[in-house]
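[1] I would like the atomic coordinates for the input below:
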Amino acid sequence: MGLTKDYLKYEHAGSCGCVGSTNGQLVAIDGQTVAVSANEYLNFYNMRTTEKVNEIIESTKPITCVRQCENKPILAIGYADGSVKLFDRENEDADPIMFSGHKKAVNCIDFSSDGLLFATGGKDGVIVLWDILAERGMFRLHGHKESVTQMKFVRGDRFIISTSKDSLIKFWSIASQSCFYTVMDSRNEIYSMSLHRDESILVAASSELELLVFELNWKNGAIFEQEVKNEEPSAKKGTIDDAEDALANMANRYITTKLRGRVIRQSKGRALQLVPTHDGRFLVCVGADKVADVYRVFSEAESVKRLTKKLKSAKRKATSESSAVSEDDVTKDVTILVTRIGEMMLPHKIKWIDVVKSVKTEEQNLIYKWYALLTDNTVHWVKMTIETNSNAVECDSVGNLDKLGHREDVRSLCVSSSSSLLASGGGNEVIVWSTHSLRSSLTLTDNDVKDVVAVNFVPGDNYILTGGKNGEIGVFELSSAELVETRKAHTGAIWTIQNTPDNEGFMTASADKTVRFWSFVLVTEGSRKRISIREQKVLELPDEALAASFSPDGKFLVVALLNNTCSVYFVDTLKFFVSLYGHSLPVTCVDVAPSSKLCVTGSVDKSVKVWGLDFGDCHKSFHAHDDAVTSVLFCPGEEQLFWSAGKDGKIKQWDAVKFILVQSLDRHTSDIRCLAQFSNGSVMFSASHDKSIRCWEKTDEMVIVEEREEMEREEEYEKKLIDEDDVVAGENADNEAGVASSKTSSSVVSAENIIQAVDIARNEKAQRAEDPNHEPHPLIGAYNSKSLDHFIVDVIAKCRASDLDRTLLLIPLSYVADILLAIASCTQQQYKAELCTHVSVYLTRVHLSHIIASSEYVPIFEQMNSKMSEGVEKLREITGTNLAALRLLATEMEDREQVKMFAQIELGTDNPKKKRKGRKAVLKTLA
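    Residues are numbered from 1 along each chain as shown. Reported below is the predicted structural model:
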């Protein structure tokens, strides 16, 4: 199109209205602060003041998982694109650490007990283990066929237990990077689990109306192995079948499991979440309902008492030998371990809950505080009181965030004439927002106003009109926040309310096949005056009206109908002018250009059509969206630009004269319901099924259509490149363990930078041989590298640590020799030696078969052997000297201050020799 016409770019400027995503999660930060995921935002709310105190926004992808480390101030956030970011809550200025290891959304996260490792499970059925200190992945575990729903580190972080929608519970060994045991007692998808009594009781929640209770018998692997070795062989064990069984069971020398029974739950639907209290005494199960079941998990002493009591009761009830209950039957009763004691009832379906770590004790009562995210876009603060003797449970909601958003979808938006207020209507309420702060300033509700689908400001911005599905018009006064008038205007839903161009009245378009025109009148009530409405005239339609719009000059009224057409009427006489036909499905939205010469319509057939109002001819038809078009809106001015929004979650701007797509906005994650904008077009608002109302601001940045199309092609190419699987030499695709990180756009760019650096180094060497006074490449100066070898290593060091392994896989074999030689030289000089050794080992392992088969690598590895050995040995000497000096310094400080700097930690083993071997040094803070 050239630069003869300038288009200005719109950028996302903020969001409001979404308290918590429909598929979101929350985390209890402390006794009064909760972090809630709202699309791509993580919002922190103070539940006492019901105000947002902080937010985290580091991605455009929606958040799917949130987890807080118990021992360190680390917050992990998983996103829909498979990435995870770690945030330091004590240092908000620090950049987050990013890890990318999943091809689909992250479902669950769990930290190790020391906070140095964490594991992620994704919808791709993969578990990835990450090293936080090294900022890179360790390995990935394949085994589950469906989405991983939960994971737990157990037994001193030696093992991981995982559940999945494939109905399996798997036990993984971190040391061997493999699954050594699988529980297959469930026939349905498993969504959550909980461990109790020193990891000896496992409770699993599935889509059944029962919880599975397992007993876990953990063994000492070394002792068990020794017993197997010392066991004398027998004739029966010598058979082939028994030998095969023995080999099959050799992988599991750590645990045996037993299904103790099933516990009934009262909540309907599948069990979404199991949340234990931090003391492990109680367990809450969240189902697809407004009720959450509360269970008590008994300690060993309590279980013995319950068993004794049940045996005595069984003996008393026994009347004959045939009806007597045996001791074995009582022992098998699962309620000895876990039993349901009550429920948590909330106003709407529960999506996610979390418990505050602190517990308050009052006589025989234990008081727990819970945060509950509901599916109707709110969070409740729940106080749970449990009487330990009678197991009575009492739950009270002591706070909520109802005022921060709508309970149902926003169906209509309207901006005031002063552009200072934004009204949103949805459900049984209207919320008025400040367009500057995007905060709620007023909530309008009344028992007579229900199912609001249309809102409109009365000229002067002192009143708001509402239209409901029941056909009633409501008039709210903003100064008093009261409903001053209601009128039964239609027998069907009112889909559109719009002021007349002369601002003396308004019209309503309804599903009862009529458009009614109203006027504003001033009435007196007591000592005050207020606005009232009076019906003027009625326009009968051939079918239900879905939308309507005046032309700015006040000449035409365009009505979108259910019969796939639009009818154009003269406003003054209400006579029919022309019919706009061409859509194959009902027309859902319509708008007229500021010039009153063009009209645009959107339909369920996914198309947008531009019409001329002079003759009713179709100028252009666009296949605008991948789903039904829900809203169209012309931009003010003479540019003839308009917006379209659809159920595909995208907002697109079009040129109605040149018939081209100008730009696309795609931050919404679900259906877009409506659009609104300032009178000058500088700011636009959109409301979506994802509960959010988003603000888009016009910037001074120009949009060049050719550049946008080129960028879209590049993004599509990168997406295809990322989706291609890498072949790792020497690794089988069916292996349980693999490379932790996944291919991302950043890893592809990093690989290209490394390849470019090697090419530059090669050219520099050739040119320096020809001309010693050759001017070095600008990139070498930009990196401030001492030599070409340092330059290559500097470029590798710029790669993100979590993507390094995957980046090295993308390096072609022809570049490996140059990289290895540069690494050997830098290691000899102790320059980034740790990085160099890691890269050299990894590249050697990946290309081992080619290296062995080629003789040209022999001199390269001879140089690496001599140079790297020399450099590493020097580093060892330096490290040893420093360590000895630090030990001497510690001894002198202990003698001088009479304070021990290090304390002994025992691992809790039974062997005292092992205790002495298992000592760890813990640095204490010196006064």
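[2] is it true that residue 846 touches residue 808?
    Yes - the pair residue 846 and residue 808 passes the contact test of Cβ atoms under 8 Å, sitting 6.9 Å apart. (Glycine included, C-beta is placed from N, CA and C.)
[3] what touches both of the two?
    Here residue 846 and residue 808 have no joint contacts, going by Cβ atoms under 8 Å, 6 or more residues apart in numbering.
[4] where's the residue nearest to residue 148 when sequence neighbours are not counted, which helix or strand?
    The shortest distance from residue 148 to any non-neighbouring residue, by Cβ to Cβ, 6 or more residues apart in numbering, is to residue 121 (3.0 Å). Here residue 121 is covered by strand 117-122, with elements defined by DSSP states H and E.
[5] for the record, mean pLDDT for that strand?
    For strand 117-122, the mean per-residue pLDDT is 95.
[6] What is the distance between the helix or strand hosting residue 476 and the centre of its chain?
    Assigned by DSSP H and E, residue 476 belongs to strand 472-477. Counting by Cα atoms, centre = their mean, to the nearest Å, strand 472-477 is centred 38 Å from the centre of its parent chain.
[7] Which other helices and strands does it contact?
    strand 463-468, strand 482-488, strand 494-499, strand 528-540 (3 or more Cβ pairs under 8 Å, 6 or more residues apart in numbering; DSSP states H and E).
[8] Return the most buried member of these.
    Highest mean neighbour count of the helices and strands packed on strand 472-477: strand 463-468, a mean of 26 (counted as mean count of other Cβ atoms under 10 Å).
[9] Find the nearest non-adjacent residue to residue 334, please.
    The shortest distance from residue 334 to any non-neighbouring residue, by Cβ to Cβ, 6+ apart, is to residue 261 (2.9 Å).
[10] Let me see the contact set for that neighbour.
    Counting by Cβ under 8 Å, 6+ apart, residue 261 has contacts 213, 332-334.
[11] cutoff 10 Å now
    210-215, 332-338 (Cβ atoms under 10 Å, 6 or more residues apart in numbering).
[12] do the same with residue 409
    377, 426-427, 453, 670-671, 673-674, 687-691.
[13] next one: residue 131
    99, 116-118, 137-138, 740, 801-802.
[14] again, but for residue 277
    Neighbouring residues of residue 277 by Cβ under 10 Å, 6+ apart: 283-284, 294, 297, 355-357, 359, 366, 368, 370, 384, 386.
[15] which one is residue 132 nearest to, not counting chain neighbours?
    residue 116 (5.6 Å).
[16] Just the buried ones out of the contacts of residue 261, please.
    210-215, 333-338 (16 or more other Cβ atoms under 10 Å).
[17] any weak-confidence spans in this protein?
    Along the chain, the model assigns pLDDT under 70 to residues 1-5, 221-251, 318-328, 721-735, 741, 901-927.
[18] phi, psi of residue 570?
    Phi and psi for residue 570, reported as degrees, to the nearest 10, are phi -80, psi 130.
[19] scratch that, residue 365 is what I was asking about
    According to degrees, to the nearest 10, residue 365 has phi -100, psi 140.
[20] Neighbours of it, how many?
    The number of residues packed near residue 365 is 14, by other Cβ atoms under 10 Å.
[21] How about residue 757?
    27.
[22] Then residue 303 would be within a strand, right?
    No - counting by DSSP: H, G, I helix; E, B strand; the rest coil, one finds residue 303 to be helix, located in no strand.
[23] Which residue, neighbours along the chain excluded, lies closest to it?
    Nearest to residue 303 is residue 336, by Cβ to Cβ, 6+ apart, at 5.0 Å.
[24] and what of residue 443?
    In space, residue 443 is closest to residue 431, 5.3 Å off (Cβ to Cβ, 6+ apart).
[25] where do the strands sit along the stretch 701-850 of the chain?
    Per DSSP state E, counting those that start in this stretch, the stretch 701-850 of the chain has strands spanning 737-738. These are given in chain order.
[26] All the helices of it, residue numbers only.
    For the stretch 701-850 of the chain, helices defined by DSSP state H, counting those that start in this stretch occupy the ranges 705-723, 745-770, 778-783, 788-797, 804-809, 816-828, 833-846, 848-853.
[27] What segments of the stretch 51-200 of the chain are strands?
    51-56, 63-68, 74-79, 83-88, 97-100, 106-111, 117-122, 126-131, 136-142, 148-154, 159-164, 169-173, 178-183, 190-196.
[28] Reformat those strands into JSON lines and put distance to residue 830 next to each item.
    Supplementary listing: these in JSON lines, determined by distance: least, Cβ to Cβ, whole Å:
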{"stretch": "strand 51-56", "distance to residue 830": "39"}
{"stretch": "strand 63-68", "distance to residue 830": "38"}
{"stretch": "strand 74-79", "distance to residue 830": "31"}
{"stretch": "strand 83-88", "distance to residue 830": "30"}
{"stretch": "strand 97-100", "distance to residue 830": "26"}
{"stretch": "strand 106-111", "distance to residue 830": "34"}
{"stretch": "strand 117-122", "distance to residue 830": "29"}
{"stretch": "strand 126-131", "distance to residue 830": "23"}
{"stretch": "strand 136-142", "distance to residue 830": "22"}
{"stretch": "strand 148-154", "distance to residue 830": "36"}
{"stretch": "strand 159-164", "distance to residue 830": "37"}
{"stretch": "strand 169-173", "distance to residue 830": "36"}
{"stretch": "strand 178-183", "distance to residue 830": "37"}
{"stretch": "strand 190-196", "distance to residue 830": "46"}
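[29] Which stretch among those approaches residue 794 most closely?
    strand 136-142 (18.5 Å; Cβ to Cβ).
[30] would you put the C-alpha positions of the closest one in CSV?
    C-alpha atoms of strand 136-142 as CSV (Å, rounded to 0.1, in the frame of the first residue of the first chain):
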residue,chain,number,x,y,z
ARG,A,136,18.8,-25.3,33.4
GLY,A,137,16.8,-28.5,33.0
MET,A,138,18.1,-31.8,34.3
PHE,A,139,16.0,-34.3,32.3
ARG,A,140,12.4,-35.1,31.2
LEU,A,141,10.4,-38.2,32.0
HIS,A,142,8.1,-39.9,29.5
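[31] Parallel or antiparallel, which strands does that strand pair with?
    With DSSP bridges as the test, strand 136-142 is paired with strand 126-131 (antiparallel), strand 737-738 (antiparallel).
[32] Hey, what's the angle from that strand to strand 159-164? Just curious.
    50 degrees (axes from the mean of the first three to the mean of the last three Cα atoms, to 10 degrees).
[33] returning to what we had before: could you pull up the residues touching the residue nearest to residue 132?
    69, 71-72, 130-134, 157.
[34] With adjacent residues omitted, what lies nearest to residue 85?
    Leaving aside its sequence neighbours, residue 85 sits nearest to residue 96 (Cβ to Cβ, 6+ apart; 4.3 Å).
[35] just residue 311 next, same as before
    Once flanking residues are discounted, residue 311 sits nearest to residue 330: 5.4 Å by Cβ to Cβ, 6+ apart.
[36] Helix or strand next in line after the helix or strand where that neighbour lies, which one?
    Element membership for residue 330 (DSSP H and E) is helix 327-331. As assigned by DSSP H and E, the chain's next helix or strand after helix 327-331 is strand 338-345.
[37] hey, C-alpha coordinates of that following strand in CSV?
    Only the C-alpha atoms of strand 338-345 are listed here, as CSV (Å, rounded to 0.1, in the frame of the first residue of the first chain):
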residue,chain,number,x,y,z
VAL,A,338,-9.6,-41.4,56.7
THR,A,339,-13.2,-40.4,57.3
ARG,A,340,-15.5,-37.6,56.1
ILE,A,341,-16.5,-35.2,58.8
GLY,A,342,-18.2,-32.3,57.1
GLU,A,343,-18.3,-29.9,54.1
MET,A,344,-17.4,-26.4,52.9
MET,A,345,-20.4,-24.7,51.2
